[in-house]
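Colleague: Any chance you could fold what I've pasted below:
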Amino acid sequence: MILMTSQVLPHVKKPATILIVEAHPDDAAIFAGGTLVRLAEEGHTLVNLCSTYGEKGTLDRSMTREKMIDIQKSESLRAADVIGISEVIFLGIPDGELQPELELRQQYTEIIRRVQPDFVFSFDPHIPYDPHPDHQATSRTIYEACLNCHLPLVFPDQLADGLKPHYVNRFFGWESSNPNTYVDITASLETKLRALEKYESQMQMILDETRNRSSRAGIDVPISRETTSKEFIREWITTEAQRIGKHANCQHAEAFNSIGFSAVRIIVEQLETEE
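Modeller: So this is what the prediction gives:
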């Protein structure tokens, strides 16, 4: 187990460029928000790639897709400001329709070659199963893109358009069932919570869904009708950070599966072992 405390990326000698790839606008903030805040504070450049607008994330039957897109874009940009993300890119693929196929890998590869990131954060591609198909498609496809984006004969038309092959140094997978890296987010937890509050529509939907599902299942959960989405999210995120922190011997933490590529993986893991 590796616990990153003083620096999130201890072997990086200069500010790095970090690409964050999520399926929906709030994914990264939920699973990695505290770590991303720390990375921004350390001077690294953060670029967020949102594959969909998450526009189907509503229980309101009167809501339109167009209005939800506007809401999600606005909330995402406000949250990015809180975290310290420099750029937000929207692919605009319809919510719930991401497919782990060649076209998506081509799109991800193009973004990687444009941004030229040193590190990529996304869903762990090695999780056994994620019930959301968009999460599955994102995790598998972005990892495949990271693995092969340095090869000039992979999507050569992108090079003809002026892009360059690129090596990604390391991949950090969140929501991992087998994490090997923990980041102490005790000092950045409040900023993460403030960022999540910007996703007002989604946090309210999560609260409403929790109420509805628990009621239908006959489960008594400590959520009253007066509980606000802000209170609910604070309790949920803080409790989860405390749970992960117990594994890392700190108060609050986030967990990742840190995956290297070929020789870089061997060198970095040797450095970490020697510390």
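
Colleague: separation between Gly96 and Ser215?
Modeller: Computed as CB to CB, to the nearest Å, the Gly96 to Ser215 distance reads 25 Å. Where C-beta positions appear, they are placed from N, C-alpha and C, glycine not excepted.

Colleague: These two: which has the busier surroundings?
Modeller: Neighbours per residue, other CB atoms under 10 Å: of Gly96 and Ser215, the larger number sits with Gly96, 15 against 12.

Colleague: Burial check on Asp70, number of neighbours?
Modeller: Asp70 has 13 neighbours, counted by other CB under 10 Å.

Colleague: Using the three-state scheme, assign it.
Modeller: The local conformation at Asp70, judged by DSSP: H, G, I helix; E, B strand; the rest coil, is helix.

Colleague: now do Leu19
Modeller: The assignment at Leu19 comes out as strand when based on three-state DSSP.

Colleague: Surely it and Leu49 touch.
Modeller: Yes. With contact defined as CB atoms under 8 Å, Leu19 and Leu49 form a contacting pair (6.3 Å).

Colleague: okay, and the common contacts of the two?
Modeller: Residues touching both Leu19 and Leu49 comprise Ile111, with contact defined as CB atoms under 8 Å, 6 or more residues apart in numbering.

Colleague: my read: Arg65 touches Glu55, true?
Modeller: Yes. Using CB under 8 Å, Arg65 is in contact with Glu55, at 5.2 Å.

Colleague: Comparing those two, which residue is more hemmed in?
Modeller: Between Arg65 and Glu55, counted using other CB under 10 Å, Glu55 has the larger neighbour count: 23 against 13.

Colleague: Next up, the contacts around the closest residue to the more buried one other than its chain neighbours.
Modeller: The shortest distance from Glu55 to any residue other than its chain neighbours is 4.1 Å, reached at Met68 (CB to CB, 6 or more residues apart in numbering). Residues in contact with Met68, defined by CB under 8 Å, 6+ apart, are 53-58, 201.

Colleague: which residues of the stretch 101-250 of the chain fall in strands?
Modeller: Listed from the start of the chain, the stretch 101-250 of the chain has strands (DSSP state E, counting those that start in this stretch) covering 119-123, 170-174, 181-184.

Colleague: Give me the contacts around the last one.
Modeller: Here strand 181-184 makes contact (CB under 8 Å, 6+ apart) with 1-5, 8, 34-35, 38, 172, 244-245, 247-248, 250-258.

Colleague: Buried among these? Make that a ChimeraX selection.
Modeller: Applied in ChimeraX, the following selects the buried portion of these according to 16 or more other CB atoms under 10 Å:
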select :2,4,8,34,35,38,172,244,245,248,250,252,253,254,255,256,257,258
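
Colleague: Return the subset of the contacts of strand 181-184 lying in strands.
Modeller: Residues from the contacts of strand 181-184 lying in strands, with DSSP state E as the criterion: 2-4, 172, 253-258.

Colleague: ok, back up a step: including distance to Asp26 and mean pLDDT, could the strands of the stretch 101-250 of the chain go into JSON lines?
Modeller: Output for those, formatted as JSON lines (distance: least, CB to CB, whole Å; pLDDT from 0 to 100):
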{"stretch": "strand 119-123", "distance to Asp26": "13", "mean pLDDT": "97"}
{"stretch": "strand 170-174", "distance to Asp26": "13", "mean pLDDT": "96"}
{"stretch": "strand 181-184", "distance to Asp26": "19", "mean pLDDT": "96"}
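
Colleague: Contact partners for the closest residue to Gln116 other than its chain neighbours?
Modeller: If you skip the residues right next to it in sequence, Gln116 has His166 as its closest partner in space, 5.3 Å away by CB to CB, 6+ apart. Shown in contact with His166 (CB under 8 Å, 6+ apart): 112-113, 116-117, 149-150.

Colleague: Buried ones only from those, please, as a PyMOL command.
Modeller: A single PyMOL command is used to select the members of the contacts of His166 judged buried by 16+ other CB under 10 Å:
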select buried, resi 112+113+117+149
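
Colleague: tell me the two of the contacts of His166 that are most distant?
Modeller: In the contacts of His166, the most distant members under the criterion CB to CB are Pro117 and His150, with 12.3 Å between them.
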